[in-house]
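> Just a sequence and a predicted model for now, questions to come.
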Amino acid sequence: MVTVYAIVLALGVIGLLVQVMGGALAENLGREDRDPGVRFGLRGKQVVAAAIGFGMGGISAEFAPIDITWPFALLIAVVAAVMAVLWVRYAVGQANTT
């Protein structure tokens, strides 16, 4: 399962880089319609957050100093993904109100 967590984490980090660098490029070119954060909206941000949360939570659980079985590590990874999605929803909601 470590391989699955690593692949999902790598895809999440790549997605995060695409969002950040694509947003910067769109800002510099003056074309907000090309911004991945605008094009994919909240759902795209949540997918990236879920991938990073799942990968980080799973790898952290697998390499924990205590002996955790793989189903419990998978549960921890899913909980981490849900928490990451909730955090993105909270952070985007805070950004839109100011």
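Now that the structure is in, tell me what you want to look at.
> Can you tell me which helix or strand of this protein has the lowest average pLDDT?
helix 36-39 (a mean of 87; mean pLDDT, DSSP states H and E).
> How far off centre is it?
Relative to its chain's centre, helix 36-39 lies at 15 Å (C-alpha atoms, centre = their mean, to the nearest Å).
> And the contacts of stretch 68-77?
Contact with stretch 68-77 is made by 1, 5, 53, 54, 55, 57, 58, 60, 61, 62, as judged by C-beta atoms under 8 Å, 6 or more residues apart in numbering. C-beta here means a position set from N, CA and C on the backbone, and glycine is covered the same way.
> Could you give me the buried positions within it?
Neighbour-count burial for stretch 68-77, counted by 16 or more other C-beta atoms under 10 Å, picks out 68, 73, 74, 76, 77.
> Quick check: the two most widely separated of those residues?
The largest separation in those, counting by C-beta to C-beta, is between 68 and 77 at 10.9 Å.
> Whichever of the contacts of stretch 68-77 end up buried, select them in PyMOL.
Selection of buried members from the contacts of stretch 68-77 for PyMOL, criterion 16+ other C-beta under 10 Å:
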select buried, resi 5+53+54+55+57+58+61+62
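> So for residue 54, what's the nearest residue that isn't a sequence neighbour?
Leaving aside its sequence neighbours, residue 54 sits nearest to residue 81 (C-beta to C-beta, 6 or more residues apart in numbering; 4.0 Å).
> Would you mind listing the buried residues in the one helix or strand the one you found maps to?
According to DSSP states H and E, residue 81 maps onto helix 70-97. Of all the residues in helix 70-97, those buried under the rule 16+ other C-beta under 10 Å are 73, 74, 76, 77, 80, 81, 84, 85, 88.
> Could you export those residues as TSV, including pLDDT and distance to residue 27?
As requested, the buried residues of helix 70-97 are exported to TSV (pLDDT from 0 to 100; distance: C-beta to C-beta, whole Å):
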residue	pLDDT	distance to residue 27
73	94	39
74	96	39
76	96	37
77	97	34
80	97	31
81	97	29
84	97	25
85	95	25
88	94	20
